[in-house]
Every structure is written in structure tokens, then in C-alpha cells.
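In: structure for this input, please:
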Amino acid sequence: MTMKTALILAASLAMTASAAFAHAHLTAEMPADKATVAAPTDLMLTFSEDVSLKFTGVKVTGPAKAEVAQGTPSLSQGDTVLTVPLQGTLGLGTYTVDWHALSTDGHKTHGTYTFTVK
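Out: Numbering: from 1, shown residues only. Got it, this is the predicted structure:
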């Protein structure tokens, strides 16, 4: 391999890696995935980069697939932490959190996790 080819290959790999990291990935959640907890009053989702509040959110469903009512979400810590107040008291059982996010650079991500209320 020539030096020129090696440089082009290295530059291509660097650009591909940069693009792969340009999404707001979920790095932490509270309650944590698969955790068993007392009924939380809010959810906190931490992303790897700033997200847009207008296009980021969650849907929480309970044991009977009923949707959990939410208050007004907010962002903190440089727009990387989404806090979602939960209305009412969650009953016993497993809850599913379906989340979606739009990073401030325009990339969309989504995912799902669960927690159990004891």
C-alpha cells in the first residue's frame, strides 16, 4: 500500500467514525434499565450530546399497556439530560419507556428500556 493510499484510507475511516458518533445516544437513565425501584416521580434520561426538547420525548406504558400521564419535560446540563415528570403514583409492575431524541445537529435516535415498581 502506498503512503497516499494509506492516508486516504485513514481519512475515510476518521470521517466515518465521526459520523457514527454524531448521534445523541442514551448513556444513562433513571430509573435504570431493568431496575426494581420504588415508584418514581420522574424519569431522567442522559444523552451523549445536546438534544432538542421540541423533538425529544418518551412514552411510558404500564403493566396493562396503559399510558402513564406526564407533566412538562425539561432539559438540563447543557441540554443533555431530559427530565420527564410522571403524574400520579405508579402501581406495582413493569413499565416500558419508549424514547426518541433529535440531537441539535439533526440526527434522530430512539430506543426502549424497562423498569419494575415494587
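
In: following the helix-or-strand element of the chain with minimal mean pLDDT, which helix or strand shows up next?
Out: Lowest on mean pLDDT, DSSP states H and E among the helices and strands of the chain sits helix 3-20, with a mean of 45. Past helix 3-20, further along toward the C-terminus, the next helix or strand under DSSP states H and E is strand 26-30.

In: middle-most residue in the chain, spatially?
Out: L26 (3.7 Å; CA atoms, centre = their mean).

In: for W99, see how far away that residue is.
Out: 7 Å (CB to CB, to the nearest Å). C-beta here means a position set from N, CA and C on the backbone, and glycine is covered the same way.

In: do the same with K59
Out: 8 Å.

In: who has more neighbours out of the two?
Out: W99 (21 against 13; other CB atoms under 10 Å).

In: pLDDT at that one, what is it?
Out: Looking at W99, its pLDDT stands at 98.

In: part of a strand, is it?
Out: Yes - the assignment for W99 (DSSP: H, G, I helix; E, B strand; the rest coil) places it in a strand.

In: ok, it touching K108?
Out: No - with contact defined as CB atoms under 8 Å, W99 does not count as touching K108 (11.4 Å).

In: who does the helix or strand where V84 lies pair up with?
Out: In the assignment (DSSP H and E), V84 maps to strand 81-85. Next to strand 81-85 in the sheet, as set by DSSP bridges, lie strand 42-47 (antiparallel), strand 74-76 (antiparallel).

In: for T104, give me its contacts.
Out: For T104, the contact set (CB atoms under 8 Å, 6 or more residues apart in numbering) comprises E49, D50, V51, S52, D79.

In: show me which pair in those residues is furthest apart.
Out: Farthest pair in these (CB to CB) is E49 and S52. Separation: 10.9 Å.

In: who touches both of those two?
Out: Shared contacts of E49 and S52, counting by CB under 8 Å, 6+ apart, come down to S103, T104.

In: more neighbours: those two, which one.
Out: Taking neighbours as other CB under 10 Å, E49 and S52 compare with E49 leading, 18 against 15.
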